[in-house]
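*Asks:* Sequence and predicted structure below; questions after.
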Amino acid sequence: MNYRIDRRAFLMGSTALMAAAAAGIRPALAQAGNLRLTFWGSQARADLTYKATDLFAKAGGAAIDGEFLAWNDYWPKLATQTAGGNAPDIIQMDYRYIVEYAARNAIAPLDEFVGKALNISDFDQDQVDGGKVNGKLYGVSLGANSVAMAVNTAAFKKAGIDLPGKDTTYDDFPKIGEAFDKAGVGMKAFQDGSGVEPALENWLRQRNKALYTADGKLGFDEKDMTEWFNLWKGFRDAGIIVSPEDQALDTGPLENTMLALGKAASIFTNSNQLVAHQAILKDPLTITNYPRIKPGATGGHYRKPSMFWSVAGGSKNKEEAAKFISFFVNDPEAVKALGIERGVDASKAAREIVAPMLDALNKVSLDFVGNLGDLVGPIPPTPPTAAGEIDISLLLSTSQEVAFGQSSPEDAGPAFVKAANEILARSATK
């Protein structure tokens with residue numbers, strides 16, 4: 001997924017969610033017996049999702065009214081719907097927000113339905129645990145994925161150099177970028193990743209640090225952030241990544257990534273988004289791992305629940321919503337229709353159904369997640385409540401200030417840590 005949202009929109013969404021919690025408002029019942037469902041994603045994801053909802057209705061389940069939005073529009077609208085008592089019954093939830101929504105009772109625990117309306121008996125345990133908050137199940141994993149770099153193979157071929165791979169390090173970036181410039185490829189080799197939280201997290205994990213500790217504190221310090229901003233300033237000054245003006249065009253939708261706009265030959269993304277990126281581009285794509293910080297460094301990847309289905313806290317249709325979720329992740333026809341667009345299935349039975357029918361592009365994603373080797377480590381703790389604001393508001397704005405020369409890395413590093421700690425402290429008192 002693409003991690004972009006403007007600061008004003010995020011804060012409006014967070015305010016709406018907090019207002020809902022304070023007022024005790026709960027989402028409204030779907031009209032006429034239909035279930036309402038909302039998710040973020042591309043048109044390709046929507047087409048697959050609606051195939052599954054149609055199959056559920058044909059199998060005797062409730063009709064489903066669905067809505068999808070781009071990532072940057074999704075969270076403010078969901079928070080506003082929750083504040084207005086009109087949240088959909090079934091909500092696509094992200095790992096970074098599940099704690100916040102569970103803490104505010106905006107989503108409901110599903111434990112009472114497990115083994116009854118909801119079957120997750122053959123799910124991988126890490127995927128079940130990823131959907132738990134304080135020991136209760138609030139989200140059903142829709143697939144496992146990992147961070148990945150989407151790579152334009154035609155552009156690298158034109159540059160006359162090998163594709164980045166398992167042994168590529170950040171020290172290799174200048175050599176690759178110079179090859180692109182000399183070959184006149186017409187784009188930079190890399191996007192500017194300084195404001196991409198998954199790239200920062202991966203880099204920190206390779207340094208035996210973390211974004212957040214298990215008790216919800218920052219897992220890094222001012223020195224780390226200063227080095228991070230300096231790393232990307234060096235690439236920017238050398239002209240091997242896209243300009244600040246170009247990077248600012250990436251506002252959320254996949255159509256606006258540096259890859260889609262032809263500005264860069266590689267971007268930071270997730271393994272399950274390869275198909276969606278390829279649907280936009282004519283040039284052939286593949287995925288590879290994030291760079292290592294040095295040769296032989298332990299990788300910073302992990303198998304993350306790509307997203308969840310959650311049920312609205314005040315839905316009057318919880319059991320029927322749980323039945324739909326169970327159908328979505330277990331029914332053979334639904335599993336076939338969905339493929340692995342949302343990630344590699346958490347269910348062993350579903351993986352066995354999907355594997356033989358995957359096309360070459362989907363097999364790339366499946367093989368990537370299953371063959372990370374020493375690049376993969378344990379899943380980190382669920383992010384604290386305020387993690388979303390730190391990511392899509394603070395990190396993005398701070399990285400842009402450095403990129404546009406409004407702040408130096410030496411000033412931005414300490415400022416970022418100070419502001420992030422203030423956000424975490426403020427959140428802890430609410």
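*Replies:* Received, thanks.
*Asks:* these two touch, right, Gly186 and Gly262?
*Replies:* Yes: contact criterion C-beta atoms under 8 Å: Gly186 and Gly262 qualify, at 7.4 Å. C-beta here means a position set from N, CA and C on the backbone, and glycine is covered the same way.
*Asks:* Wasn't Leu259 part of a strand?
*Replies:* No: with DSSP: H, G, I helix; E, B strand; the rest coil as the criterion, Leu259 is located in coil rather than a strand.
*Asks:* My guess is it contacts Ile267. True?
*Replies:* Yes: Leu259 is in contact with Ile267 according to C-beta under 8 Å; the separation is 4.6 Å.
*Asks:* Please enumerate the shared neighbours of the two.
*Replies:* Common contacts of Leu259 and Ile267, defined by C-beta atoms under 8 Å, 6 or more residues apart in numbering, comprise 150, 191.
*Asks:* Tell me where the model's unsure across this protein.
*Replies:* For the chain, the stretches with pLDDT under 70 are 1-32, 430.
*Asks:* 80 instead?
*Replies:* Per-residue confidence for the chain (pLDDT under 80) gives these ranges: 1-33, 299, 392, 429-430.
*Asks:* Helix or strand: which one has the most far-flung residue of it relative to its centre?
*Replies:* Ranked by distance from the centre of the chain (C-alpha atoms, centre = their mean), the top residue is Lys182, with 34.2 Å. Using DSSP states H and E, Lys182 sits in helix 173-183.
*Asks:* Which positions in that helix come out as buried?
*Replies:* 173, 176-180 (16 or more other C-beta atoms under 10 Å).
*Asks:* need these in TSV with distance to Phe190, can you?
*Replies:* Output for these, formatted as TSV (distance: C-beta to C-beta, whole Å):
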residue	distance to Phe190
Phe173	6
Ile176	8
Gly177	7
Glu178	12
Ala179	12
Phe180	9
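*Asks:* which of these lies closest to Gly195?
*Replies:* Comparing the buried residues of helix 173-183 against Gly195 with C-beta to C-beta picks out Phe173 as the nearest, at 16.8 Å.
*Asks:* Which parts of this structure are strands?
*Replies:* Taking DSSP state E as the test, the strands found in the chain are 35-40, 64-69, 90-93, 132-133, 136-137, 140-141, 144-145, 147-152, 266-270, 285-288, 304-305, 308-311.
*Asks:* Check whether Gly193 really touches Asn202, as I assumed.
*Replies:* No: assessed by C-beta under 8 Å, Gly193 is found out of contact with Asn202, at 9.7 Å.
*Asks:* The closest residue to Pro378 other than its chain neighbours: neighbour count?
*Replies:* The shortest distance from Pro378 to any non-neighbouring residue, by C-beta to C-beta, 6 or more residues apart in numbering, is to Tyr302 (6.4 Å). Residues lying near Tyr302 (other C-beta atoms under 10 Å) number 19.
*Asks:* repeat for the one 4 residues further on
*Replies:* By other C-beta under 10 Å, 27 other residues sit near Ser306.
*Asks:* try the one 4 residues further on
*Replies:* When neighbours are counted by other C-beta under 10 Å, Ser310 registers 28.
*Asks:* OK, contacts around it?
*Replies:* Residues in contact with Ser310 (C-beta under 8 Å, 6+ apart) are 90-93, 98, 101, 107-108, 110, 138-140.
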